[in-house]
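Engineer: Sequence unavailable; structure follows:
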């Protein structure tokens, strides 16, 4: 009997990219049984477009949220819906991904030819530059404080590679492993929810990268704006501390939190010393301090409003 497979996409105000992604999903050589699209309260016509499109794509199922729950909240909602409906495999990705047409077919080959598979991930390549984004395919140190990207040499030389964690850009996740470890964390809001969840999976089952299955990523390749993106960094920092507190105990926990304290102090020093922060030093430090305090206190949830943050950043 053929396994049932669905896709879960989380989208927010990127309708043009979402349209391209849907076309790639519909044209897969191994057809999807269902396509769940979690609309994180977009304001760019996404809801109207999806409601119209579902009349012509029978397996398309939009889920419209009344507020933006962040990527983490969106993936929680979509994965729960797919899991509750009983699909054997759940293929998850953001709205800026575009899998090659045989991507799902190749992922399933690996999933079905290996025992105890928790997830199989495709190779992530930037759509425009064609650069392999190896930093999305990760190994994690025991203290959970550092992610190590797979080397390009290892990727080039192997079809299937064992992983500790992977970005939510196309991993195919088994229903069986969700039954054992639960759903992704919704309380991270954004950043590191994918690393924490896929690492949780590989503690009890296999995480495998199939380098012959390719998914294109269409994230921005412009020069990074450190100040405007710092709100995400704060979430990532806070969430790593939450992850550490949920996974480690005793001396290991204390040692990891001390390492994160050192990371925090180094970030503070850079903000004081580097010229790029000169117009926003105290502004961004207030958010970093909040992230550190929440991480130490094991307090989760949304603590930065991106719209408010970006409105108040000085150029």
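Structural biologist: Right, received. Where do you want to start? Please read these numbers as outputs of a predicted model, since none were measured by experiment. Numbers count the residues shown, from 1 in each chain.

Engineer: Low-confidence ranges, the protein, go.
Structural biologist: 221-224 (pLDDT under 70).

Engineer: Go through stretch 126-137 and flag the buried ones.
Structural biologist: 127, 132-134, 136-137 (16 or more other Cβ atoms under 10 Å). Yep, even glycine has a C-beta here, placed from its N, CA and C like the rest.

Engineer: Out of these, list just those in strands.
Structural biologist: residue 137 (DSSP state E).

Engineer: pull the longest strand from this structure.
Structural biologist: Max-length strand for the chain by DSSP E is strand 206-217.

Engineer: Past that one, which element shows up next along the chain?
Structural biologist: Per DSSP states H and E, the first helix or strand lying C-terminal to strand 206-217 is helix 230-247.

Engineer: Can you tell me what sits against that following helix?
Structural biologist: 143-145, 187-193, 195-196, 200, 253, 256-257, 260, 263-264, 267, 284, 287-288, 290-292, 294-296, 298, 300, 303-304, 306, 309-310 (Cβ atoms under 8 Å, 6 or more residues apart in numbering).

Engineer: Please state the offset of that helix from the chain centre?
Structural biologist: Distance, stretch centre to chain centre, for helix 230-247: 14 Å (Cα atoms, centre = their mean, to the nearest Å).

Engineer: Now the buried members of the contacts of helix 230-247.
Structural biologist: Using 16+ other Cβ under 10 Å, the buried members of the contacts of helix 230-247 are 143-145, 187-193, 195-196, 200, 253, 256-257, 260, 263-264, 267, 284, 287-288, 291-292, 294-295, 300, 303-304, 306, 309.

Engineer: measure residue 269 to residue 260 for me?
Structural biologist: Distance, residue 269 to residue 260, using Cβ to Cβ, to the nearest Å: 15 Å.

Engineer: actually residue 57, not the one I wrote
Structural biologist: 45 Å.

Engineer: again, but for residue 314
Structural biologist: From residue 314 over to residue 260 (counting by Cβ to Cβ), the distance is 28 Å.

Engineer: ditto for residue 179
Structural biologist: Taken as Cβ to Cβ, the span from residue 179 to residue 260 is 32 Å.

Engineer: sorry, back to before: which of the buried residues of stretch 126-137 sits closest to residue 47?
Structural biologist: residue 127 (25.5 Å; Cβ to Cβ).

Engineer: where do the strands sit along the stretch 51-200 of the chain?
Structural biologist: All strands of the stretch 51-200 of the chain, identified by DSSP state E, counting those that start in this stretch, fall at 60-64, 89-94, 97-99, 117-126, 137-140, 147-149, 160-162, 165-166, 169-174.

Engineer: and residue 69, what does it touch?
Structural biologist: 40, 76-77, 186, 189 are the contacts of residue 69 under Cβ under 8 Å, 6+ apart.

Engineer: typed the wrong thing, it's residue 125
Structural biologist: Residue 125 neighbours (Cβ under 8 Å, 6+ apart): 131-133, 214-217.

Engineer: I'd like the residues you listed as CSV, with distance to residue 92 appended.
Structural biologist: What follows is the contacts of residue 125, written out as CSV (distance: Cβ to Cβ, whole Å):
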residue, distance to residue 92
131, 23
132, 20
133, 17
214, 17
215, 11
216, 16
217, 14
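
Engineer: Stretch 2-18: how far from the chain's middle?
Structural biologist: The answer for stretch 2-18 is 13 Å, by Cα atoms, centre = their mean.

Engineer: how long is it end to end?
Structural biologist: 28 Å (Cα to Cα, to the nearest Å).

Engineer: Just the buried positions in that stretch, please.
Structural biologist: 4-15, 17-18.

Engineer: What is the neighbour count of residue 313?
Structural biologist: 15 (other Cβ atoms under 10 Å).

Engineer: what's the closest non-adjacent residue to residue 27?
Structural biologist: Nearest residue to residue 27, sequence neighbours excluded (Cβ to Cβ, 6 or more residues apart in numbering): residue 101, at 5.3 Å.

Engineer: so the one you found makes contact with residue 29?
Structural biologist: Yes - counting by Cβ atoms under 8 Å, residue 101 touches residue 29, with 5.7 Å between them.

Engineer: Same drill for those two, tell me which one is more crowded.
Structural biologist: For residue 101 versus residue 29, neighbours defined as other Cβ under 10 Å are more numerous around residue 101 (16 against 11).

Engineer: what are the phi and psi values for that one?
Structural biologist: Torsion angles at residue 101 (phi, psi; degrees, to the nearest 10) stand at phi -70, psi -20.

Engineer: For residue 47, see how far away residue 54 is.
Structural biologist: 11 Å.

Engineer: what's the overlap in contacts for those two?
Structural biologist: With Cβ under 8 Å, 6+ apart, residue 54 and residue 47 have common neighbours residue 62.

Engineer: Tell me the helices and strands packed up against the longest strand of the chain.
Structural biologist: If you count contacts as 3 or more Cβ pairs under 8 Å, 6 or more residues apart in numbering; DSSP states H and E, strand 206-217 packs onto strand 97-99, helix 103-112, strand 117-126, helix 152-157, strand 160-162, strand 165-166, strand 169-174.
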